[in-house]
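Undergrad: Please work out how this folds:
(one chain, ligands or ions: 1)
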Amino acid sequence: MRLDKFLAHMGFGTRREVKGLVKSKAIQVNDVAVKDSSMHVNELTDQVTVYGEIVEYKEFIYLMMNKPAGVISATEDSRDQTVIDLLDDDVRHFEPYPVGRLDKDTVGLLLLTNDGALTHRLLSPNKDVPKVYFAQVEGIVNEADIEAFKVGVTLDDGYHTKPGLLRIISSGPISEIELTITEGKFHQVKRMFEAVGKKVVYLKRLSMGSLKLDESLPEGTYRELTEEELELIQ
Ligand code: URA
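TA: Model prediction:
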């Protein structure tokens with residue numbers, strides 16, 4: 001790949017800015033000062049340094065965010081703050097985007113990446129990737145709801161959902177539950193409860209496939225996936 005593309009991807013500024021670095025002799029490839037920022041490098045085998053520091057090429061980035069409420073799962077928005085606005089510059093240049101959407105008021109696990117193939121695998125409807133949610137629900141959630149979710153419920157638009165696995169943690173005026181679903185229709189969890197006459201008042205995603213929310217991540221923060229986590233979702 002072109003050296004300027006390589007360095008722009010790795011966060012060294014625009015191609016124009018990389019040109020400036022070349023001009024000031026900041027860049028070497030295999031210990032030779034670079035004269036032309038359009039030269040080609042092999043990102044796997046060539047050693048690229050900027051001001052003497054080796055730049056290890058990385059194509060993809062995988063971030064786990066504990067999404068806070070009040071922020072939308074999109075890359076840009078004219079009104080609201082987005083999850084991308086919460087990212088630092090040192091990861092933004094990889095151009096990550098959220099894998100699927102959580103509602104503005106939903107918190108919890110959100111994966112951000114620039115890996116299109118992984119995104120496709122996780123979101124593809126026929127892959128049935130299970131997603132586990134914790135919710136607080138107004139009204140007494142009961143056995144009948146478990147049975148209804150087991151065979152799927154009919155949403156307000158007539159769509160009949162795939163089965164959901166409902167586990168009641170506590171039942172009362174505000175019940176606490178865990179729900180596992182394999183789809184990602186718009187407002188799905190909220191609408192599934194509406195279908196049985198109840199209202200979700202708090203929603204948090206706990207997992208997506210084998211990837212679990214790291215509960216030690218404060219809301220609004222993120223970190224890169226560990227090697228082990230990455231293997232779990234590949
Ligand atoms: N279901 C919902 O209703 N909202 C979400 O954010 C995710 C799943």
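Undergrad: roughly how far is whichever strand or helix holds residue 228 from the heart of the chain?
TA: Assigned by DSSP states H and E, residue 228 belongs to helix 227-233. Chain-centre distance of helix 227-233: 14 Å, with C-alpha atoms, centre = their mean, to the nearest Å.
Undergrad: Pull the residues that contact that helix.
TA: 62, 64, 111, 118, 122, 208, 209, 210, 211, 225 (C-beta atoms under 8 Å, 6 or more residues apart in numbering). To be clear about C-beta, it is placed using only N, CA and C from the backbone, and glycine gets the same treatment.
Undergrad: Output that helix as PDB, restricted to C-alpha atoms.
TA: Extracted C-alpha coordinates of helix 227-233, given in PDB (Å, rounded to 0.1, in the frame of the first residue of the first chain):
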ATOM      1  CA  GLU A 227      -7.100 -11.200  22.100                       C
ATOM      2  CA  GLU A 228      -9.400 -13.700  23.900                       C
ATOM      3  CA  GLU A 229     -12.500 -11.600  23.400                       C
ATOM      4  CA  LEU A 230     -11.600 -11.100  19.700                       C
ATOM      5  CA  GLU A 231     -11.300 -14.900  19.300                       C
ATOM      6  CA  LEU A 232     -14.700 -15.400  20.900                       C
ATOM      7  CA  ILE A 233     -16.400 -13.300  18.200                       C
END
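Undergrad: What average pLDDT does it get?
TA: Averaging pLDDT along helix 227-233 yields 95.
Undergrad: Residues of the protein that sit close to the ligand?
TA: 102, 103, 106, 187, 188, 189, 190, 203 (C-beta under 6 Å from any ligand atom).
Undergrad: Would you list the buried entries among those residues?
TA: Neighbour counting over these (16 or more other C-beta atoms under 10 Å) leaves 102, 103, 106, 188, 189, 190, 203 as the buried ones.
Undergrad: Serialize those to TSV and add fields for pLDDT.
TA: Formatted as TSV, those follow (pLDDT from 0 to 100):
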residue	pLDDT
102	98
103	98
106	98
188	98
189	98
190	98
203	98
